[in-house]
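J.: got a predicted model here, sequence first, then my questions.
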Amino acid sequence: MDFDLQWLLLGLPLTFGLGWLASRFDVRQWKREQKDSPKAYYKGLNLLLNEQHDKAIDAFIEAVQQDPDTSDLHFALGNLFRRRGEYERAVRVHEHLLHRADLAASERDRAQHALAQDFMKAGLLDRAEAAYRALDGTAFDTEARLALLTLHERSRDWRAAADVAQKLEQRGTGSFASRIGHYWCEIALEADARHQPEEADAAVRRAREAAPQSARPLVLAGQRAARRGDHAEVLQLWGVLMVANPAAFNLVVRDYAASALACGEGAAALERLLERYRRAPTMDLIEALALLDPAPAHQRERLLSQLHGHPTLSAAQALLGQQDAAVFSSTETKALRDAVGRAALPLHRYRCAACGFEAQHYFWQCPGCLSWDSYPPQRLEDL
């Protein structure tokens, strides 16, 4: 059978035309998908800015379905889930990204960091720790170590926290000397609670080596010496504290006076505290001076001076206690002292400078915001 070349000549243009039409259809479909995808993305972003989180999630899910290969849409959706507290869904999104074989190394590190944040927010500290450790040597290395530091503090793993803080300082991230000192002080307190004084002594030494200018290691070392009955060492340690950190010395000034009396150094301590009182009078100092110099006339003189220079309700309450029966009847004096005492009670607290959390006792780490050294060592009425 002979082949007719006319059919070939007619078939070639027809085939070309059909291919061209098919390609145009695909291009139009691709363009439509690309056009629809950013529309859904911007719609989700607009809803997010308007605080319509539920609708924003639906819009981002629609965008991801239209363009499943775009990692930025996945990150936006996963971060939104985390902000909403839907940690399980956030984990699924970020784990899906990590399982993609075509994901670039930088995007993979980003997904690993997001996954670690998901675990941290969900309270899965062991999984969060493993996820952050996987970021060692990546662009998120410093952020991961800072997060690990927070994680170790929350779990009270003070040795691990000290190790991470030391590495951060070596890398030039900042100074962590004070925090390292706090960590070793916490280790010393735990050792004392387990009745392991040798381990506690070693931890206090490490704290003083790490943060020689910090107040807490000196305070803790002096308190431990006082419990041992070594009052001469107490005076030596807190004498250093008086010079290095005079404000923090107010925290232990009454115990300092008691140790001075216990080792026969009352007169010398009185002179040192009077000099300190002349420079920066506080009610803590007045109470310590009352232990070393209990003469009523001297106490009244100091309280009157405090009321004139820095009037506080505590000073007024203490002065009322010094008055004799010739001035007020005992019933009147007691009623006045009780009223002033109730009014002064809220001012006897310490206040965190970072979050405003108030407490009756001094904290080295704020129970509210977990900041270190955020409490000024003076009560509200002395600020």
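T.: Cool, got the structure.

J.: surely residue 351 touches residue 374?
T.: No. Assessed by C-beta atoms under 8 Å, residue 351 is found out of contact with residue 374, at 9.4 Å. Quick note: C-beta positions are derived from backbone N, CA and C, even for glycine.

J.: next, the buried residues of stretch 179-194.
T.: By neighbour count on 16 or more other C-beta atoms under 10 Å, the buried set for stretch 179-194 is 179-189, 191-192.

J.: actually, stretch 125-137.
T.: By neighbour count with 16+ other C-beta under 10 Å, stretch 125-137 contains the buried residues 127-129, 131-132, 134-135.

J.: so how far is that stretch from its chain's centroid?
T.: Put simply, stretch 125-137 sits 19 Å off its chain's centre (C-alpha atoms, centre = their mean, to the nearest Å).

J.: residues touching that stretch, excluding its own?
T.: Contact with stretch 125-137 is made by 109, 112-113, 115-116, 119-120, 141, 143-145, 147-148, 151, 154-155, as judged by C-beta atoms under 8 Å, 6 or more residues apart in numbering.

J.: quick one: contacts for residue 245?
T.: With contact taken as C-beta under 8 Å, 6+ apart, residue 245 is in contact with 213-215, 218.

J.: can you give me phi and psi for it?
T.: When read as degrees, to the nearest 10, the backbone of residue 245 gives phi -150, psi 80.

J.: from residue 219, how far out is it?
T.: The spacing between residue 245 and residue 219, counted by C-beta to C-beta, to the nearest Å, is 9 Å.

J.: hmm, back to that, buried subset of the contacts of stretch 125-137?
T.: Buried among those (16+ other C-beta under 10 Å): 109, 112-113, 115-116, 119-120, 141, 144-145, 147-148, 151.

J.: returning to what we had before: nearest to residue 331 among the contacts of stretch 125-137?
T.: Using C-beta to C-beta, the shortest approach to residue 331 within those belongs to residue 154, at 53.0 Å.

J.: in space, what's closest to that closest one - neighbours in sequence excluded?
T.: Leaving aside its sequence neighbours, residue 154 sits nearest to residue 125 (C-beta to C-beta, 6 or more residues apart in numbering; 6.9 Å).

J.: then residue 346?
T.: residue 380 (7.5 Å).

J.: ditto for residue 277
T.: Among residues not flanking residue 277 along the chain, residue 285 sits closest, at 4.7 Å (C-beta to C-beta, 6+ apart).

J.: which SS class is the one you found?
T.: Using DSSP: H, G, I helix; E, B strand; the rest coil, the three-state assignment for residue 285 comes out as helix.

J.: farthest pair within the buried residues of stretch 179-194?
T.: 179 and 192 (20.5 Å).

J.: hmm, residue 142 is touching residue 171, no?
T.: Yes. Residue 142 is within contact range of residue 171, at 7.1 Å (criterion: C-beta under 8 Å).
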